[in-house]
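Enquirer: after the sequence you'll find the predicted model.
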Amino acid sequence: MQAYILRETIISMVINSGFSLAFFLLVFGHASAVPVWGIGAYAFDALPQSIAIAVMSTLVPGAITIKRLRSGSIAAPAQVALLSGPILPRNIWLRAVVMAMLAAVLGGLFSSTILLVLGQESLPWWPALLGKLAYGAALAGLVTPPALRAALRG
């Protein structure tokens, strides 16, 4: 089951990096510099990015896992130890909301703290893009495993 969780997490990380790329281009375009502070700027963008990635990393792999469990293409794990971790709601929609709110608060604080330490008013385009891609992948890598464990619990 750990191999299943790892495989689905890697897929989620790749897909969410793609979404991060698409939305970065939509929001910031190809400007030479990306503003850091203000509504719609880089730091603010961590909030909707965190929410979207947490929702997608919970709903999509979770729904696929539930479907696979119901069809019998994967078996429910026999060992409860494999499913240790945070207690998340059984309802996949409520689980996605909980994960999204946690990601928004913690991800927003994390991103803002790093940006405050950097002390920049704007970021060069390429490093800003790479930061968003890395953040998207990392967040998906953190959210997907507990979301999948909750889906496997049934």
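Expert: Happy to help now that I have it. Numbers count the residues shown, from 1 in each chain.
Enquirer: so what's V97 up against?
Expert: By Cβ atoms under 8 Å, 6 or more residues apart in numbering, the contact set of V97 is V55. C-beta coordinates here come from the backbone N, C-alpha and C atoms, glycine included.
Enquirer: equivalent analysis for H30, please.
Expert: Contacts of H30 (Cβ under 8 Å, 6+ apart): W125.
Enquirer: measure A46 to A96 for me?
Expert: 18 Å (Cβ to Cβ, to the nearest Å).
Enquirer: I53 too?
Expert: Counting by Cβ to Cβ, the gap from I53 to A96 is 11 Å.
Enquirer: in the protein, which spans are strands?
Expert: Using DSSP state E, the strands of the chain run over 33-35, 122-124.
Enquirer: give me the below-cutoff pLDDT ranges for this structure.
Expert: Scanning the chain for pLDDT under 70 picks out 78-86.
Enquirer: so which residues of the protein form helices?
Expert: Under the criterion DSSP state H, the chain contains helices at 2-28, 42-71, 92-118, 125-153.
Enquirer: can I get these in a markdown table with distance to V36?
Expert: Below are the helices of the chain laid out as a markdown table (distance: least, Cβ to Cβ, whole Å):
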| stretch | distance to V36 |
| --- | --- |
| helix 2-28 | 11 |
| helix 42-71 | 5 |
| helix 92-118 | 6 |
| helix 125-153 | 9 |
